[in-house]
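[1] This is the structure alone, sequence omitted:
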């Protein structure tokens, strides 16, 4: 199985007016994400035990195994980025009714959800990701993972929404201002419609 770079679900310049310029996607999608895909294919080609496995199977197989750390890192980053592109939208920021009800029920209010999400995004030391997850107990929660980590590997629940907080995700547009990048995502870019679809399919 050869892995490929997915197309963006919007034009590279479609988010420029909302805080993410085309140059960001030329580097982030076209170079960073492509590099993970290329590296993963190279690793799989060299290991017969990995051939034919899905991306999710590779992530679960490699998680926690020191000998497969490069496989986990590149497979995790491929999955995370593929998911992240769907969490962005040129018409982002509006929260559908059913998701809003669930956020209010589990966090107390939409504002409290956003506060928790921002705390996770800003509080992740170094590179990583901030997540909205549907936990195994049926409640929404916010979590964060370092580097290539993801809920699929830890088994903590189903991912609904994610923000990439590696510096390459925001440095062109926001320089070192990760808090501003996070606020902008939550207010203008977050594809809550996609998150609602993930929740409905859980």
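    Sure, I can see it. This one's a predicted model, so the numbers in the text were calculated from it and none came from an experiment.

[2] Show me the longest helix that occurs in this structure.
    As assigned by DSSP state H, the longest helix anywhere in the chain is helix 69-86.

[3] next SSE after it?
    helix 97-107 (DSSP states H and E).

[4] Pull the distance from that following helix to the chain's centre.
    21 Å (CA atoms, centre = their mean, to the nearest Å).

[5] Distance check, residue 34 against residue 104.
    According to CB to CB, to the nearest Å, residue 34 and residue 104 sit 39 Å apart. Every residue, glycine included, has its C-beta placed from N, CA and C.

[6] what residue of the protein is the furthest out?
    Most distant residue from the mean C-alpha position of the chain: residue 48, 28.9 Å away (CA atoms, centre = their mean).

[7] I'd like the distance between that residue and residue 176.
    For residue 48, the distance to residue 176 - CB to CB - is 44 Å.

[8] With residue 57 instead?
    Residue 57 is 37 Å from residue 176, by CB to CB.

[9] When these two are compared, which one has more neighbours?
    Each of residue 57 and residue 176 has its neighbours counted (other CB atoms under 10 Å); residue 57 has more, 13 against 10.

[10] which phi and psi does the more buried one have?
    phi -60, psi -40 (degrees, to the nearest 10).

[11] and what of residue 140?
    phi -80, psi 150.

[12] and it, how many neighbours does it have?
    By other CB under 10 Å, 21 other residues sit near residue 140.

[13] Mind listing the residues bridging to it?
    Counting by DSSP bridges, residue 140 is bridged to residue 134.

[14] Can you name the residues that contact it?
    102-103, 106-107, 113, 132-134, 160 (CB atoms under 8 Å, 6 or more residues apart in numbering).

[15] Count the neighbours of residue 137 for me.
    By other CB under 10 Å, the residues close to residue 137 number 7.

[16] what about residue 161, which helix or strand?
    Going by DSSP H and E, residue 161 is in strand 157-164.

[17] Which pLDDT value belongs to residue 137?
    Residue 137 is assigned a predicted lDDT (pLDDT) of 97.

[18] go on, residue 35?
    Looking at residue 35, its pLDDT reads 98.

[19] In what element of secondary structure is it found?
    Residue 35 belongs to helix 34-45 when assigned by DSSP H and E.

[20] Counting by contacts, list what that helix packs against.
    With contacts defined as 3 or more CB pairs under 8 Å, 6 or more residues apart in numbering; DSSP states H and E, helix 34-45 has these neighbours: helix 69-86.

[21] Excluding its own residues, what touches the helix it packs on? List them.
    Applying CB under 8 Å, 6+ apart, the external contacts of helix 69-86 come out as 3, 6, 8-9, 28-29, 32-33, 36-37, 39-40, 43-44, 47, 50, 55-56, 58-59, 61-63, 65, 129, 147-150, 152-153, 159, 162-164, 191, 194.
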